[in-house]
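> this one's sequence-less:
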């Protein structure tokens, strides 16, 4: 006969939790079973990407995704207490795609010797090994440029080896992997060495930034937010940033500038209407960003349409070229969502990032920065931020606590993160079959 | 560019950790990658039971399973911090067996109004709902005897309804489940209403205690312990209790008593040899238990063969009949493993129980009792014990800490728990196909 457990307390760590967001969180809590059943049915018909991270903005009145990354770095920033969640989810993800896999080839970014990026690679290798797989790291850089060792903070070394191709199989010397896991977002295009392989490549080449458009993602997300809003009885705008798209921009030649100004104007007007509807007194703003970009390059905060008519040379250059030297031609104008959450006495701005493997939320962290404004992007080149691991799982709401208590706020993040994941899964569904490798 | 996370500490709670077990734990840690790969390959070829709990004994020099339950209760005793692990694992388990399932019928024990058992049912319902399933609870008791409400400590109520059968489908009124999850160990035999169903029944009827033998489980375990010992370079005895089996016992008529005494003698002699080999000065003992039993009924601690020759009427009665009034005919004589771990100033005995869903360790707890000896069984009827949830996951070893640090000891429990799970999976494989429902 058991008594009540002597110790059931969930450790409660200090995190960047200060805001209200009560109405939304409360609605999610009330509808938890309905929401989980809804997701469950969606996953049955929608295969998900291998892994995903979602940048969220929490404005207090609004909680929305602003970027969804299908080649996430930052696994080193997750709370080690939740590594078992990652390990379980990695096994589920690999098994779904390749049930008999025992050897995995991880393909990282080429260009970087950024030690923080390599801590991420180290974390991924450790988690995959803990899941029972043999792992090697293969570089897209050919020849000896692709062979180097990266030392990690824990004293371990990541041995990077150049990829080798034999017929329709890729590997590294002496290692014939069952599958290829990309942690390289393919901004430069789909590499020849990874095309038409017998092995599965995850995520598929077609989801690289050479091909993927943010606007397609947010179009899918918009449809889902409407459906989710109807399910839970919330205005979809509260979880969905308004956006418009401009094609055929040439920042250097100033082509398309007027089109861009009009879209900026339109989004600012629509956001202003919503702000009035909800009695929000802050000034609307938009984020202008490359439709096919990553790494926070090619991003601008804009408060008035005139600002995009008056870009100086430096601003135009900054917007014109993103990672791997790709030229920006398509631009997304997205409603800016104020960052509400702050941390500590100096009111450092804190932005949540949610990590998923397969369909499972496995953790997340806050990007914390003391000097940025609440309307600026924290994921920009040269930006220095600290990361603060979520103290608790995003999948463990507690109805006995207040809606903004840690476990419940993290649950809200997990709900919106998975909604963005579902949008990415629909991108995957609509990707051409042959490009799914 | 990320800095090191500001907060990565794993909360370290007080648990029943006092012993050495260093050599074994160290060997497991050194071989972690090898062990995880070995398990991974085993799971590929061996479908696992739906859920499993394993009672362990930790003697300091030896860590071994003593009972493996395929219809585990006690989910309410797990640390809520690891509920997300359960939820993920439940999704994996259901999906493997029945990918499109959305409605689950949970069949609990009949006979009990034990409130602690119903807290377990409540925890299972909550976890399955959180995994996105609709759940109803159906009783094997027919008619109105099978309809009652059980109030839980959290204020929620479990509505139990009598099972109904229509053709080859079972359900409860207005609920047509995709699958049937048994939390009833079928000591009384396979119920007619659950036979020859179109729906999958998990675990299969053939694994109920009406059919299952502990000795078959430990025969499978012995084979695996030998293989695992060769893999990791340890003496298999350090993880495997010696046992012998006696058939055709009748405690009431005193038939088979001499056979039993001989087996007791043999096991005591073999354990004594091992104790001398390892310089262990404690006195060997054996546990005599029903081969097809559960709930700690029909269990005796024996230090000398003469003890089973001199059973008084009360002792014979106690051994003769187990749950559901079944007569004991087959008996297992198992090496007793001293309980090494103690807790608190009064040196309460603490025995670990590891819980698994599908192939994943999802938590565990200690049975803690202040008045029992280190050589007695803590899971006995009328026994009152407190449960102490494991403070940390069993799947998150930390090579930077000492081998007996919390995460590493819990990892050792998880390794031995999974070895017993694998033995149970082999029982499942050798169960007749038609009996797998």
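Sure thing, it's come through. Keep in mind that what you see is a predicted model, and the values were worked out from it rather than measured. Numbers count the residues shown, from 1 in each chain, chains lettered A, B, ... in the order given.

> need the pLDDT of residue A:116.
Reading off the per-residue confidence, residue A:116 sits at a pLDDT of 88.

> correct me, but it touches residue A:76?
Yes - between residue A:116 and residue A:76 there is a contact at 7.4 Å, judged by CB atoms under 8 Å. Bear in mind the C-beta positions are built from the backbone N, C-alpha and C, glycine included.

> name the residue in these two with the higher neighbour count.
More neighbours sit around residue A:76 than around the other of residue A:116 and residue A:76, counting by other CB atoms under 10 Å in any protein chain shown; the figures are 25 against 17.

> pull the contacting residues for residue A:169.
Shown here is residue A:169, whose contacts under the criterion CB atoms under 8 Å, 6 or more residues apart in numbering or on different chains are A:176, A:197-199.

> give me phi/psi at it?
Summarising the backbone geometry of residue A:169 under the convention degrees, to the nearest 10, its torsions are phi -130, psi 140.

> can you check the one 5 residues further on too?
Backbone geometry at residue A:174, expressed as degrees, to the nearest 10, gives phi 80, psi 10.

> could you measure from it over to residue A:101?
When CB to CB, to the nearest Å is applied, the distance between residue A:174 and residue A:101 equals 18 Å.

> hmm, back to that, so which of the contacts of residue A:169 is the most crowded?
residue A:199 (20 neighbours).

> most widely separated two among the contacts of residue A:169?
The most widely separated members of these, counting by CB to CB, are A:176 and A:197 (11.9 Å).

> what is the nearest of the contacts of residue A:169 to residue B:291?
Distance ranking of the contacts of residue A:169 against residue B:291, using CB to CB, places residue A:176 first at 47.0 Å.

> report the contact partners of that closest one.
Residues in contact with residue A:176 (CB under 8 Å, 6+ apart) are A:103, A:169.

> show the pLDDT at it.
The model's pLDDT for residue A:176 equals 95.

> residue A:22: how many residues sit nearby?
Residue A:22 has 15 neighbours, counted by other CB under 10 Å.

> wait, residue A:424
Taking other CB under 10 Å as the definition, residue A:424 ends up with a neighbour count of 26.

> what sits against it?
Residue A:424 touches A:48-49, A:52, A:68, A:70, A:207, A:217, A:220, counting by CB under 8 Å, 6+ apart.

> ok, and which of those residues reach chain B?
Checked against chain B using CB under 8 Å from any CB of the partner chain, those yield no neighbours at all.

> which one of the residues you listed is nearest residue B:391?
residue A:52 (30.4 Å).

> which SSE is the closest one in?
strand A:51-58 (DSSP states H and E).

> about what we covered before: okay, and which of the contacts of residue A:169 map to helices?
With helices identified by DSSP state H, none of the entries of these belong to them.

> of those residues, which belong to strands?
Where the contacts of residue A:169 are compared with strands, as defined by DSSP state E, there is no overlap at all.

> excluding covalently adjacent residues, which one is nearest to residue A:190?
residue A:205 (4.1 Å; CB to CB, 6 or more residues apart in numbering or on different chains).

> now do the domain split for chain A, please.
Under automatic domain parsing, the residue ranges defining each domain of chain A are A:13-70+A:213-240+A:342-427, A:79-211, A:242-336.

> right, so of those domains, which gets closest to residue B:189?
Distances from residue B:189 to each of these were compared using CB to CB; the minimum, 34.4 Å, belongs to domain A:13-70+A:213-240+A:342-427.

> pLDDT of the closest one, averaged?
Predicted confidence along domain A:13-70+A:213-240+A:342-427 averages 83 (mean pLDDT).

> buried residues of the longest helix belonging to chain A, list them for me.
In chain A, taking DSSP H as the definition, the longest helix is helix A:406-430. Within helix A:406-430, the residues that count as buried by 16 or more other CB atoms under 10 Å in any protein chain shown are A:406-428.

> kindly report the same for stretch A:176-189.
A:177-188.

> quick one: distance of that stretch to the chain centre.
When C-alpha coordinates are averaged (CA atoms, centre = their mean, to the nearest Å), stretch A:176-189 and its chain have centres 17 Å apart.

> and the end-to-end length of it?
24 Å (CA to CA, to the nearest Å).

> quick check: residue A:239 touching residue A:227?
No - the criterion here is CB under 8 Å, and residue A:239 misses it with residue A:227 at 11.3 Å.

> neighbour count: these two, which is higher?
The neighbour comparison of residue A:239 against residue A:227 (other CB under 10 Å) goes to residue A:239, with 25 against 15.

> closest one to chain B out of the contacts of residue A:424, please.
Within these, distances to chain B taken as CB to the nearest CB reach their minimum at residue A:48, with 12.4 Å.

> beta partners for residue A:104?
Using DSSP bridges, the beta-bridge partners of residue A:104 come out as residue A:135, residue A:179.

> how about it, what does it touch?
Taking CB under 8 Å, 6+ apart as the test, what residue A:104 contacts is A:94, A:128, A:133-136, A:177-181.

> for the residues you listed, give me CSV that also has distance to residue B:255.
Listed next are the contacts of residue A:104 as CSV, based on distance: CB to CB, whole Å:
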residue, distance to residue B:255
A:94, 55
A:128, 57
A:133, 54
A:134, 55
A:135, 59
A:136, 63
A:177, 61
A:178, 57
A:179, 60
A:180, 65
A:181, 63
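
> the strand holding residue A:52 - contacts with which helices or strands?
strand A:63-69, strand A:348-357, helix A:406-430 (3 or more CB pairs under 8 Å, 6 or more residues apart in numbering or on different chains; DSSP states H and E).

> redo these as a markdown table? Include distance to residue B:151.
Converted to a markdown table, the helices and strands packed on strand A:51-58 look like this (distance: least, CB to CB, whole Å):
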| stretch | distance to residue B:151 |
| --- | --- |
| strand A:63-69 | 36 |
| strand A:348-357 | 37 |
| helix A:406-430 | 25 |
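
> tell me which of these lies nearest to residue A:285.
Across the helices and strands packed on strand A:51-58, closest to residue A:285 is strand A:63-69 (CB to CB), at 12.5 Å.

> which helix or strand lies directly C-terminal to that closest one?
helix A:83-97.

> just want the angle from that following helix to strand A:51-58.
Helix A:83-97 runs at 130 degrees relative to strand A:51-58, counting by axes from the mean of the first three to the mean of the last three CA atoms, to 10 degrees.

> helix A:83-97 close to chain B?
Yes - with CB under 8 Å from any CB as the threshold, helix A:83-97 lies in contact with chain B, specifically through A:83-85, A:87-89, A:91-92.

> could you give the angle of the strand or helix carrying residue A:364 to helix A:406-430?
Here residue A:364 is covered by strand A:360-369, with elements defined by DSSP H and E. Interaxial angle, strand A:360-369 versus helix A:406-430 (the same axes, to 10 degrees): 110 degrees.

> give the pairing partners of strand A:360-369; include direction for each.
Here strand A:360-369 is paired, per DSSP bridges, with strand A:348-357 (antiparallel), strand A:386-389 (antiparallel).

> would CSV of those with mean neighbour count be doable?
CSV is the format used below for the strands paired with strand A:360-369 (neighbours: other CB atoms under 10 Å in any protein chain shown):
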stretch, mean neighbour count
strand A:348-357, 26
strand A:386-389, 22
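
> quick check: which of the ones you listed is nearest to residue B:170?
strand A:348-357 (35.6 Å).

> for that closest one, the distance to its chain's centre please.
When distances are taken as CA atoms, centre = their mean, strand A:348-357 is centred 9 Å away from the chain's centroid.

> residue numbers of the stretch 101-250 of chain A in contact with chain B?
Those residues of the stretch 101-250 of chain A that sit near chain B, judged by CB under 8 Å from any CB, are A:102, A:114, A:116, A:119, A:129-134, A:153-154.

> now, which of the residues you listed sits nearest residue A:213?
For residue A:213, the closest of these turns out to be residue A:114, at 26.1 Å, with distances computed as CB to CB.

> can you count the residues close to the closest one?
By the other CB under 10 Å criterion, the neighbourhood of residue A:114 contains 14 residues.

> just residue A:248 next, same as before
Neighbour tally, residue A:248, other CB under 10 Å: 10.

> OK, contacts around it?
Contacts of residue A:248 (CB under 8 Å, 6+ apart): A:255-256, A:259, A:329-330.
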